[in-house]
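> Let's see this in three dimensions:
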Amino acid sequence: MDEVIQDNEDMAEAAATKLKVGATFDSYAEVQFAIHAYQTRNFVQLYIRDSRTFCNAARRAANKNVNPRLKYKEINFACVHGGRKYKSHSNGVRPNQKTFLMDCPVSLKMRMTPDGQSLIVKSFQEQHNHSISKVSFLSLPQRRKEPPPVLISNLNKTDSNAPAAHVQASKPTPVVDIGRVVETMRKIPGATVHVKTSTTEQNKTLSSIFFQTAHMKNLFQAFPDVLLIDATMKHNETNIPLYLLMIIDSNGELHIAGLFMALLEDSATTVHFISSFKASNPNHTKTECIVADAGMPHRDLLAVHFPNVTMSMSELHTLRAFRREVSTEKLGISPDQKTACLQTMEKMVSAHSKEEYDEYYNILQFLDIPQVLVYFNDNWHGKREEWVTGLRSEHKYFVTTAPKHLEMTIQKVRNIIRKSSSVPAFFIDVMKCIDSLAVEKGQKVVDMVQKVKLIPRSSEAAASEEGFGRVLTPHALGLVKQQLQLALSITVIRNVKPAGMLQVKAETCPCGFFRVLKLPCRHIFAARRGKGFDEFDATLCFQRWTRQYYLDHCGMARPQLADTVVDQMRDPPACLDASQQEKYSKAVHLAQRLALAAARLPHHDFVQAVSCLETVASAWERQEQVIVASMDPTPQIQNGTYTSLSSMSVQEAGVDEDSCQPPRKKICQD
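Reported below is the predicted structural model:
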């Protein structure tokens with residue numbers, strides 16, 4: 001069988017290499033085989049752009065003695081991203097429309113030979129104008145037959161060399177569960193696990209864990225500018241907080257770049273978290289802004305250990321804190337007072353200037369509710385530059401879409417985590433959610449590579465948008481398009497330097513948008529228009545926002561985690577005692593092997609195997625013994641008909657229940 005497979009691979013490779021100018025094919029079936037082999041080997045998708053069968057060609061010329069297996073007299077193949085010049089007819093009514101066509105020049109032309117007996121390759125242009133990858137190829141509609149691989153799938157494999165986990169009948173303590181989680185984390189190649197222990201007079205226990213996979217570290221290495229920390233997730237039973245560390249990629253999407261679980265929420269634990277993060281990520285020196293929840297314990301230590309970083313809060317975290325703390329129970333206010341205060345404080349969050357903020361702050365003071373004023377002044381008023389939209393630092397441009405994506409990410413994590421589970425199961429659910437998010441974002445990368453956005457033909461900046469669209473990610477392109485529109489309302493004054501006006505050049509600008517994002521701003525576009533320069537210039541765009549950088553560092557290939565013993569961490573049914581739970585842990589792995597073997601059987605054998613397994617299960621439930629015996633699988637002829645003994649059958653030995661005999665036995669023959 002191995003020789004046959006190797007022969008097929010050799011044939012496919014030979015057919016793929018044969019596809020060159022001057023090559024001949026004696027049948028269209030050979031052409032199809034060569035095209036398929038070429039596509040699979042080079043990760044490209046071709047289609048028949050146009051063709052002419054020899055039947056139609058015969059109507060225009062004298063009949064020839066042609067080879068009927070050729071089917072075509074002329075046939076032209078093209079890349080799925082090309083084949084014809086595409087011109088957008090969009091009016092901008094549906095702005096989210098996309099197309100596969102990218103004017104790819106790849107073409108393959110075949111013609112019938114003069115004797116009519118074969119097809120010959122006349123020309124073959126192989127140079128593509130777009131990225132090529134295996135994952136993108138397999139995600140094309142023509143190839144998308146199976147769901148993408150699951151990031152966590154390898155975690156469900158069983159480590160045959162690992163001993164079975166012994167689970168106590170009583171409810172496990174968080175310390176034991178955390179220890180099992182650490183063992184699993186350390187079996188993932190490339191993963192970083194930092195553990196902090198706390199010592200008491202009685203024993204030494206785990207107090208916190210910092211965890212990063214190799215893929216998470218690579219993400220932060222590529223996008224260290226902004227770090228978001230969310231501490232809203234907690235394990236229901238033990239109330240252990242889970243810190244999610246996230247970064248913002250080139251397309252404005254959030255990626256989970258680290259996990260931190262803390263049994264204790266003291267200052268030493270926070271310092272351990274910071275030191276572990278720094279040790280695992282040397283690129284932390286490039287971090288410019290940290291967006292952290294206001295309710296994070298010892299949040300001020302972040303500013304101490306990251307002295308050159310701007311601290312900020314997301315709108316989502318701020319509003320949640322207001323609604324959580326300004327309540328009738330905590331502050332002893334009436335429902336009407338609560339509503340009035342929350343409405344005013346929510347308006348403060350979206351204030352666009354210091355004057356607007358002061359106006360709403362005066363309204364809050366005018367309400368004359370001492371409890372609310374004391375709470376607000378102690379916790380929020382002194383650091384308003386961190387959470388008020390108009391007062392935040394220039395890094396607000398980075399986190400423009402962060403609240404929406406942050407809320408979506410947190411909600412997805414909450415949806416996948418079970419309400420009541422052990423700490424190991426809690427970790428598994430979080431990893432499954434990370435897998436789900438990776439699959440979702442991977443598909444967005446594929447869509448970005450395979451399709452380009454339609455530019456409305458009536459747009460004044462259509463040419464510039466099209467140029468930036470080929471270089472930038474969709475998110476970055478949206479930011480640039482806003483700046484292009486804002487540039488229309490800017491007046492350029494030459495050779496004058498009045499106070500309060502920006503001194504702008506065609507390549508640089510001192511405004512916050514350009515300094516933080518390093519994308520062309522409205523001032524640069526206005527200056528370039530005034531000087532008669534083309535608005536599009538790829539050198540104006542920071543590499544971080546380019547499509548190629550996005551592909552290289554986010555990647556369409558999903559990261560693979562190593563084999564771990566996750567199944568052993570699953571809790572056996574609570575109705576079993578200690579000894580039964582140990583047996584359950586051993587038997588469940590064998591049952592999984594049995595299910596995998598049964599799934600690979602032909603349908604007829606599968607039906608018989610399931611019937612036999614049902615009989616075995618029923619016998620064990622009645623505490624009857626089952627004996628498995630192997631039988632000759634060779635088909636035999638009975639009455640002119642082939643019969644096979646490879647299927648399983650069960651025979652029951654009749655024993656008098658009143659006699660002093662062993663339990664009844666069932667013979668399971670295979």
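> C-alpha only now, for contacts and for neighbours.
OK.
> Residues in contact with the helix or strand where residue 526 lies: which ones?
For residue 526, the host element (DSSP states H and E) is helix 522-531. Identification of contacts with helix 522-531 by CA atoms under 8 Å, 6 or more residues apart in numbering yields 483-488, 490-492, 504-509, 534-535.
> Which of those are buried, as a ChimeraX select command?
Buried residues among the contacts of helix 522-531 (16 or more other CA atoms under 10 Å), as a ChimeraX selection:
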select :483,484,487,504,506,508,509,535
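> From the contacts of helix 522-531, which land in helices?
Cross-referencing those against helices under DSSP state H gives 483-486.
> Nearest to residue 117 among the residues you listed?
Nearest to residue 117 among the ones in helices among the contacts of helix 522-531 is residue 484, at 59.5 Å by CA to CA.
> And the closest one, how close does it get to residue 272?
According to CA to CA, to the nearest Å, residue 484 stands 46 Å off from residue 272.
> Repeat that for residue 26.
To residue 272, residue 26 is 71 Å away according to CA to CA.
> now residue 122
In terms of CA to CA, residue 122 sits 67 Å off from residue 272.
> Partner strands of the helix or strand containing residue 211, with direction?
Assigned by DSSP H and E, residue 211 belongs to strand 204-212. As defined by DSSP bridges, the strand partners of strand 204-212 come to strand 192-199 (antiparallel), strand 254-262 (antiparallel).
> Tell me the buried residues in the longest helix along the chain?
Counting by DSSP H, the longest helix found in the chain is helix 423-450. The neighbour-count check on helix 423-450 (16+ other CA under 10 Å) flags 423-439, 441-443, 445-450 as buried.
> Could you check the angle that helix makes with strand 254-262?
Orientation check (axes from the mean of the first three to the mean of the last three CA atoms, to 10 degrees): helix 423-450 against strand 254-262 gives 170 degrees.
> ok so, going back, of all the residues in the strand holding residue 211, which ones are buried?
Across strand 204-212, burial judged by 16+ other CA under 10 Å covers 205-212.
> Quick one: those residues as CSV, columns for pLDDT and distance to residue 224 too.
CSV is the format used below for the buried residues of strand 204-212 (pLDDT from 0 to 100; distance: CA to CA, whole Å):
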residue, pLDDT, distance to residue 224
205, 69, 33
206, 72, 29
207, 78, 27
208, 84, 24
209, 88, 22
210, 91, 18
211, 91, 17
212, 91, 15
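> Distance to residue 138 for those residues - can I get that in TSV?
Output for these, formatted as TSV (distance: CA to CA, whole Å):
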residue	distance to residue 138
205	48
206	44
207	44
208	41
209	38
210	35
211	32
212	29
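> Closest to residue 47 out of those residues?
residue 212 (43.2 Å).
> show me what contacts the closest one?
By CA under 8 Å, 6+ apart, the contact list for residue 212 reads 191-193, 257-259.
> What confidence value was assigned to the one residue sitting closest to the centre of the chain?
Closest to where the C-alpha atoms of the chain average out (CA atoms, centre = their mean) is residue 438, at 1.2 Å. Confidence at residue 438, expressed as pLDDT, is 79.
> Apart from its chain neighbours, what residue comes closest to residue 598?
residue 606 (6.1 Å; CA to CA, 6 or more residues apart in numbering).
> Check which helix or strand the one you found maps to.
Assigning secondary structure by DSSP H and E places residue 606 in helix 603-621.
> now swap in residue 319 and tell me
For residue 319, the element it lies in under DSSP H and E is helix 315-325.
> helices and strands around that helix, which ones?
When contacts are defined as 3 or more CA pairs under 8 Å, 6 or more residues apart in numbering; DSSP states H and E, helix 315-325 packs onto helix 335-349, helix 402-416.
> let's see 10 Å
For helix 315-325, the contact count by 3 or more CA pairs under 10 Å, 6 or more residues apart in numbering; DSSP states H and E identifies strand 226-234, helix 335-349, helix 370-379, helix 402-416 as packing neighbours.
> quick one, which of the ones you listed is nearest to residue 20?
Nearest to residue 20, of all the helices and strands packed on helix 315-325, is helix 402-416, at 48.4 Å by CA to CA.
> list the buried ones in the closest one?
Within helix 402-416, the residues scored as buried using 16+ other CA under 10 Å are 402, 405-406, 409, 412-414.
> what do you get for stretch 537-557?
Judged by neighbour count using 16+ other CA under 10 Å, the buried positions of stretch 537-557 are 538, 540-541, 543-551, 553-557.
> do the same with stretch 375-395
If you call a residue buried by 16+ other CA under 10 Å, then stretch 375-395 has these buried ones: 376, 380, 384-395.
> quick one: terminal-to-terminal distance for stretch 482-492?
Using CA to CA, the end-to-end distance of stretch 482-492 comes to 18 Å.
> Kindly apply the preceding question to stretch 408-427 instead.
Across stretch 408-427, the terminal residues are separated by 19 Å (CA to CA).
> And stretch 37-54, by the same measure?
Stretch 37-54 has its terminal residues 25 Å apart, counting by CA to CA.
> gap between residue 33 and residue 518?
In terms of CA to CA, residue 33 sits 49 Å off from residue 518.
> err, residue 550, not the other one
16 Å.
> And residue 334, by the same measure?
The value you get for residue 334 to residue 518, if CA to CA is used, is 49 Å.
> quick one: the helices in the stretch 151-300 of the chain?
Secondary structure of the stretch 151-300 of the chain (DSSP state H, counting those that start in this stretch): helices at 174-185, 214-222, 267-280, 300-305.
> Turn those helices into JSON lines, including distance to residue 66.
Below are these laid out as JSON lines (distance: least, CA to CA, whole Å):
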{"stretch": "helix 174-185", "distance to residue 66": "66"}
{"stretch": "helix 214-222", "distance to residue 66": "58"}
{"stretch": "helix 267-280", "distance to residue 66": "69"}
{"stretch": "helix 300-305", "distance to residue 66": "80"}
